[in-house]
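Visitor: Please work out how this folds:
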Amino acid sequence: MKKLLLLVLLLTISLTLTYGQATVSGWGRGIFTVAAVADSDVGSLLQASWGGPPRIGFSISGSSDNIGAHADVLFDGAGVAAGDQQKMWVKPIEMLTITMGKLFDDTLRGSAGFCALNWVRPVGIVGDDLIFMRVGRSDGTNVEIAVAPVDGAYIYAAFGTVMPGWWDLAWGPWETNLWTPSTTTTRTDIMTLMLEEGQYGAGYDIPGIGVIRAQFIGKASAIEEPWGIINAAFKFTMVEGLVIDLGAFIPTDSDQNGMNIATIGLGGNYVMDTLTLHLAAQINLYEEIEGVDGSGDPGFHVGLGAEYGLADGPTIQADVRYANDVYSGMEDGQIDIGVFAKWSYSNGLWGFGVQASTNNFTTGVVKDDPTAMAIVIPIRVEYWF
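Guide: Reported below is the predicted structural model:
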């Protein structure tokens with residue numbers, strides 16, 4: 001399998017140079033934690049921001065006006081593996097795109113990643129999908145049908161492809177396995193299946209004002225009724241240099257969502273010449289359980305960041321975050337602090353910094369004393385082309 005993936009990559013490069021039929025791009029990030037301090041223990045680590053080995057990734061893609069394909073290949077650690085996406089697509093008409101395979105669609109995605117999210121991540125840090133969930137699931141969406149009927153409008157339906165024959169629908173019950181290969185569910189009508197296993201949404205970019213979007217994310221349950229999450233968001237872009245993005249996630253069944261009745265996500269940034277200010281916040285609201293003290297208390301996380309580009313020098317970053325006891329699970333809440341310097345090039349960057357947390361980091365840095373600070377000193381290298 002490894003030899004086959006390498007052969008495909010080399011063949012693609014050859015085709016690119018010879019015929020221009022395909023392209024190879026890449027993105028990767030590695031962090032060498034020179035010192036990682038947990039309690040009185042000191043060590044060093046080689047990792048990615050989210051843990052695991054450094055990301056050494058490449059993407060192979062090819063397309064014409066009406067059809068194309070894309071595949072991600074990872075060379076993380078000592079192995080070769082498929083990456084996030086392996087998909088093909090067709091555009092029968094200009095406004096319609098049908099995509100098949102393991103896919104993600106970030107057209108309307110709402111995230112708030114900045115500063116510390118791109119270095120060594122503290123436990124519980126917010127950023128990805130904070131405001132509006134990307135289309136696609138970690139175990140692989142099979143099909144997405146997307147329509148862009150007019151400028152600024154985008155409508156999609158994403159779902160699995162292990163569908164029953166129509167005779168099974170007539171006779172039922174039948175078994176299928178759309179989203180989770182490790183779970184088999186039994187359903188008797190296709191409408192229920194499409195509701196619980198699909199992701200359906202739309203967005204519209206209002207010129208000069210902002211982007212409004214909404215979606216339904218279906219959830220299946222083997223022991224209770226199917227349910228889902230309603231996700232709505234609005235991105236304000238009316239003021240030059242300022243972006244504010246606000247979203248909410250509301251489950252149709254809070255009992256199956258950990259008694260969470262709503263999650264609100266907020267992200268924003270403001271650019272002034274070489275200074276950029278960032279904001280990210282999340283609030284989790286819960287049902288109150290009779291006889292359980294504090295069961296209805298909200299959990300929240302808030303983060304502030306700043307970046308300043310020095311003339312002929314590095315960009316200086318500062319990041320501070322706080323999560324209360326409900327969100328973090330720590331009696332006195334969680335505090336994360338980071339200061340960084342990074343030098344950027346046309347196709348990459350490098351930098352170093354210092355980070356501290358009253359909790360742990362998403363690495364091998366694990367402390368036993370809840371009152372102690374975990375400290376890391378990372379050196380970061382990143383490439384793209």
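Visitor: Could you check how many residues crowd around Val90?
Guide: The tally of other residues near Val90 (other CB atoms under 10 Å) stands at 12. In short, each C-beta sits where N, CA and C put it, glycine included.
Visitor: I meant Ala220, not that one.
Guide: Applying other CB under 10 Å, I find that Ala220 has 20 neighbouring residues.
Visitor: Kindly report the same for Phe104.
Guide: Neighbours of Phe104 (other CB under 10 Å): 19.
Visitor: what's the spacing between the nearest residue to it once chain neighbours are set aside and Asp319?
Guide: Closest residue to Phe104 apart from its sequence neighbours, by CB to CB, 6 or more residues apart in numbering: Gly136 at 3.9 Å. Using CB to CB, to the nearest Å, we find Gly136 at a distance of 28 Å from Asp319.
Visitor: pLDDT at Thr183, what is it?
Guide: At Thr183, the model reports a pLDDT of 39.
Visitor: With Asp332 instead?
Guide: So Asp332 comes in at 91 (pLDDT).
Visitor: For Gly136 and Asp319, indicate the residue with more neighbours.
Guide: Neighbours per residue, other CB under 10 Å: of Gly136 and Asp319, the larger number sits with Asp319, 26 against 22.
Visitor: tell me, which strand in the protein spans the most residues?
Guide: Identified as the longest strand of the chain according to DSSP state E is strand 23-38.
Visitor: Helix or strand next in line after that one, which one?
Guide: strand 41-47 (DSSP states H and E).
Visitor: by contact count, what packs against the helix or strand following that following strand?
Guide: Sequence order places strand 55-63 as the next helix or strand after strand 41-47, per DSSP H and E. Here strand 55-63 touches helix 2-18, strand 23-38, strand 67-74, strand 81-90, going by 3 or more CB pairs under 8 Å, 6 or more residues apart in numbering; DSSP states H and E.
Visitor: Grab the nearest non-local neighbour of Gly241.
Guide: Per CB to CB, 6+ apart, closest to Gly241 is Val271, 4.5 Å.
Visitor: Quick check on Gly333: phi, psi?
Guide: phi 80, psi -170 (degrees, to the nearest 10).
Visitor: so who does the residue lying closest to Phe385 once chain neighbours are set aside touch?
Guide: Excluding its sequence neighbours, the residue lying closest to Phe385 (CB to CB, 6+ apart) is Asn347, at 4.8 Å. Asn347 sits next to Tyr383, Trp384, Phe385 when contact means CB atoms under 8 Å, 6 or more residues apart in numbering.
Visitor: tell me which element Trp350 falls in.
Guide: Assigned by DSSP H and E, Trp350 falls in strand 348-357.
Visitor: in its sheet, what does that strand sit against?
Guide: strand 334-345 (antiparallel), strand 374-384 (antiparallel) (DSSP bridges).
Visitor: wait, Ile375 sits on Val37?
Guide: Yes - in this structure Ile375 lies within contact range of Val37 using CB atoms under 8 Å: 4.2 Å.
Visitor: Tell me who's in contact with Val354.
Guide: Gly338, Val339, Phe340, Ile375, Val376, Ile377.
Visitor: Report the secondary structure state of the nearest residue to Phe300 once chain neighbours are set aside.
Guide: Using CB to CB, 6+ apart and skipping the chain neighbours, the partner closest in space to Phe300 is Ile283 (4.6 Å). The local conformation at Ile283, judged by DSSP: H, G, I helix; E, B strand; the rest coil, is strand.
Visitor: I figured Ile283 hits Gly299, correct?
Guide: Yes - if you go by CB under 8 Å, Ile283 and Gly299 touch, sitting 7.4 Å apart.
Visitor: Most widely separated two among the contacts of Val354?
Guide: Using CB to CB, the contacts of Val354 span at most 14.0 Å, a distance reached by Phe340 and Ile375.
Visitor: Tell me which of those two has more neighbours.
Guide: Set side by side, Phe340 and Ile375 show more neighbours around Phe340, with 22 against 18, by other CB under 10 Å.
Visitor: Read off the pLDDT value for the residue lying closest to the more buried one once chain neighbours are set aside.
Guide: Residue nearest to Phe340 in three dimensions, not counting chain neighbours: Gly353, with 3.3 Å by CB to CB, 6+ apart. Turning to Gly353, the model gives it a pLDDT of 98.
Visitor: Report the contact partners of the residue nearest the centre of the chain.
Guide: Geometric centre of the chain, nearest residue: Asp128, 4.0 Å, by CA atoms, centre = their mean. Counting by CB under 8 Å, 6+ apart, Asp128 makes contact with Ser111, Gly113, Leu117.
Visitor: List only buried entries from those.
Guide: Neighbour counting over these (16 or more other CB atoms under 10 Å) leaves Ser111, Gly113, Leu117 as the buried ones.
Visitor: Nearest to Gly218, out of the residues you listed: which one, please.
Guide: Looking across the buried ones among the contacts of Asp128 and measuring by CB to CB, the closest to Gly218 is Ser111, at 21.6 Å.
Visitor: ok, that closest one - contacts?
Guide: Contacts of Ser111 (CB under 8 Å, 6+ apart): Gly127, Asp128, Asp129, Leu130, Ile131, Gly267.
Visitor: With Glu224 as the reference, measure out to the third one.
Guide: Read that as Asp129. Taken as CB to CB, the span from Asp129 to Glu224 is 25 Å.
Visitor: picking up where we left off before, now the residue nearest to Phe300, which residues is it bridged with?
Guide: Ile264, Phe300.
Visitor: for the closest residue in space to Ser254 that isn't next to it in sequence, helix, strand, or coil?
Guide: Distances taken as CB to CB, 6+ apart place Ile261 nearest to Ser254, at 4.6 Å, with adjacent residues excluded. Here Ile261 is strand, with the state taken from three-state DSSP.
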